Each structure stands twice: as structure tokens, then as C-alpha cells.
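J.: got a predicted structure plus its sequence, pasted below:
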Amino acid sequence: MNTIDQFQIEIQNSQTQLAIDESQLETAISFLLQSEQVTRAEISLAIVDNPTIRQLNQQYLAHDYDTDVLSFLLDCDTALDSTKTEFRGAGKQIEGEVIVSAEMAVAMSAEYDWSAEQELLLYVIHGLLHLCGYDDLTEEELRIMRQREQQIFDHWQITIPRREE
């Protein structure tokens with residue numbers, strides 16, 4: 001477990017499909033939380049394979065298929081009225097879990113013609129944005145979320161490949 005400022009980040013890597021740079025992921029997670037103006041966070045990131053994420057998807061969401069990312073908000077306190085800011089994480093104290101499939105990242109990165117590490121990072125960013133309060137259930141919410149994902153990736157001067165939803 002590592003503490004960066006007001007953020008506790010724990011990373012568990014239980015897959016063998018992709019080499020993981022944990023310090024790079026910790027830095028990215030901290031950057032997103034700071035960008036979202038989250039005041040405090042305890043984040044658990046699990047990097048797993050497809051059978052594991054499928055089993056969790058079945059167990060917790062009753063979805064019988066592989067997926068790229070699952071996120072679970074365990075606790076959230078809000079110190080600010082987040083409707084008064086463009087960032088949905090503003091003033092929040094978040095405790096949550098993000099689970100990503102490295103196996104899915106390897107498969108999908110070929111389809112989108114970028115690295116598996118960047119694809120995995122997108123899953124992490126997407127899951128964290130869910131914890132901050134973003135959603136992707138409507139076209140408008142999905143547009144807002146995709147825009148925010150790209151704003152985060154702009155920090156590394158990376159353009160996310162276009163996806164057909």
C-alpha cells in the first residue's frame with residue numbers, strides 16, 4: 001500500500017498477461033483524484049484475468065460475460081455541493097475498488113491499435129471516474145465521461161482511439 005498525499009492506493013496484480021508498472025498506475029490514479037478535486041480516497045485496484053472478472057461480474061452484477069472494468073463505490077462522503085463545480089469528484093472522500101482485466105486490455109489494444117498498457121490505463125481511469133460520480137448509462141452521460149477520460153489522457157499527450165459504443 002502506498003500513500004500519496006491524501007490518497008491511499010493499493011494495487012493487487014493477480015494476472016500474467018501483461019507486465020504492470022505499479023508506480024505508474026499509482027501516479028495516474030493520484031493525478032485523476034487530484035484533477036477531480038477529491039479530498040481523500042482509499043482506492044483498491046485489482047488487475048485480473050478474464051475468468052476472474054467474469055466470475056465477479058456474475059457474482060455482483062448478475063452479468064454472465066467478460067468485461068473490461070468493474071468499479072464498486074464502498075463509501076463516499078461529500079464536503080461540497082458538487083453541482084457547483086465541473087468535477088464530480090470535488091470535495092468527495094471516496095473509498096472504492098476498481099477491478100480491470102489485463103487479458104481484455106491485451107485483446108482490445110490490438111483492435112484499437114495502441115498499447116495494452118494504455119488500454120489498461122483507460123480501464124483504470126474509467127473505473128475511477130465511476131467512483132467520482134460519472135456514469136455512462138445515457139448517450140449524454142457517456143459523452144461527458146468520454147470527454148473527461150480524454151482530458152485526463154491529455155496530461156500524457158495521448159489521444160484515446162475512437163470507439164463505437
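T.: Happy to help now that I have it. Please read all numbers here as calculations on a predicted model, not as lab measurements.
J.: low-scoring stretches of the protein, by residue?
T.: For the chain, the stretches flagged by pLDDT under 70 are 1-5, 79-85, 165.
J.: and the strands in it, which stretches?
T.: 2-4, 7-13, 40-48, 69-78, 92-101 (DSSP state E).
J.: tabulate the ones you listed (a markdown table), appending mean neighbour count and distance to E149.
T.: For every residue, glycine as well, the C-beta is placed using N, CA and C. Formatted as a markdown table, those follow (neighbours: other C-beta atoms under 10 Å; distance: least, C-beta to C-beta, whole Å):
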| stretch | mean neighbour count | distance to E149 |
| --- | --- | --- |
| strand 2-4 | 13 | 21 |
| strand 7-13 | 17 | 19 |
| strand 40-48 | 22 | 17 |
| strand 69-78 | 15 | 12 |
| strand 92-101 | 22 | 14 |
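J.: can you check which of those strands gets nearest to R146?
T.: strand 69-78 (14.2 Å; C-beta to C-beta).
J.: angle of the closest one against strand 92-101?
T.: 170 degrees (axes from the mean of the first three to the mean of the last three C-alpha atoms, to 10 degrees).
J.: strand 69-78 pairs with which strands, and in what direction?
T.: Strand partners for strand 69-78, identified by DSSP bridges, are recorded as strand 92-101 (antiparallel).
J.: thinking again about what came up before, got CSV for the strands of the chain, with distance to E164 too?
T.: Shown next, in CSV, are these (distance: least, C-beta to C-beta, whole Å):
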stretch, distance to E164
strand 2-4, 36
strand 7-13, 30
strand 40-48, 26
strand 69-78, 18
strand 92-101, 20
